[in-house]
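J.: just need the structure, nothing else, for what follows:
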Amino acid sequence: MARYRGPKSKVARRFKEPIFGPDKALERKNYPPGMHGPNKRRGKQSEYSMQLLEKQKAKFTYGILEKQFAKMFHHAQSKKGITGTNLLQLCEARLDNTVFRLGIASTRRAARQLVGHCHILVNGKLTNIPSYTLRPGDVVEVRERSKSLEVITASLSASSSKWDWLQWNAETMKGEVLALPEREQIPENIKEQLIVELYSK
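T.: Presented below is the predicted three-dimensional model:
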């Protein structure tokens, strides 16, 4: 199961955003990584550089590798509607992201692990594929044997986020995808139009 295994703080500092969750290193050093630190002269970014950086930010945010991300873009391009919005909707509709949004896991990485370790059911069936694409009407729930896991109960008790496109029942530990999110319902600071421009070259 391929995923990014490199340093997280360096990535967060490169984008100046806590991509992998709260990061003390980002708070201490709010400048890009590099041996010359904040004193390094940084030239003006080219248009291509900004587009590439935006694509990398989206990939790291959702935990998607290059080949899979390119495939998702072409899928988004073939759908009706705005390509950039379609792309973000496909990212949000991933099972690991939805588990994270529902509050079952505190981070997307933790959500990916829960899915991979067979703690999550989709429409009553065990699903261990983090990239599984959910559709409106799909029901995501915690497996009965996993409901008492400390990592899940701690995350649910600490979670306060509610999403209009998702419905969560705390008693049964079940969530339902009501619809795909609109662009304004996706809080990630991603300029998707730059990604579209990059792939359109």
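
J.: who touches stretch 187-198?
T.: For stretch 187-198, contacts defined as C-beta atoms under 8 Å, 6 or more residues apart in numbering pick out 17, 48, 50-52, 54-55, 57-58, 61, 73, 83-85, 87-88. In this view, the C-beta of every residue, glycine as well, is placed from N, C-alpha and C.

J.: now, of the residues you listed, which are buried?
T.: By neighbour count, with 16 or more other C-beta atoms under 10 Å, these hold 17, 51, 54-55, 57-58, 61, 73, 83-85, 87-88 as buried.

J.: now the helix or strand where residue 157 lies: buried residues?
T.: For residue 157, the enclosing helix or strand under DSSP states H and E is helix 150-158. Buried positions in helix 150-158, judged by neighbour count with 16+ other C-beta under 10 Å: 152, 155, 156.

J.: the following helix or strand past that helix packs against which elements?
T.: In the C-terminal direction, the helix or strand that comes right after helix 150-158 (DSSP H and E) is strand 166-169. Packing partners of strand 166-169 (3 or more C-beta pairs under 8 Å, 6 or more residues apart in numbering; DSSP states H and E): strand 174-177.

J.: 10 Å - rerun?
T.: On a contact count with 3 or more C-beta pairs under 10 Å, 6 or more residues apart in numbering; DSSP states H and E, strand 166-169 meets helix 95-101, strand 139-142, strand 174-177.

J.: can you tell me the closest non-neighbouring residue to the residue nearest the centre of the chain?
T.: Nearest to the geometric centre of the chain sits residue 62, at 2.9 Å (C-alpha atoms, centre = their mean). Spatial nearest neighbour of residue 62, excluding adjacent residues (C-beta to C-beta, 6 or more residues apart in numbering): residue 91 at 4.6 Å.

J.: in which helix or strand would I find that neighbour?
T.: Per DSSP H and E, residue 91 falls inside helix 83-92.

J.: run the chain-centre distance for that helix.
T.: 11 Å (C-alpha atoms, centre = their mean, to the nearest Å).

J.: stretch 179-188 now?
T.: 12 Å.
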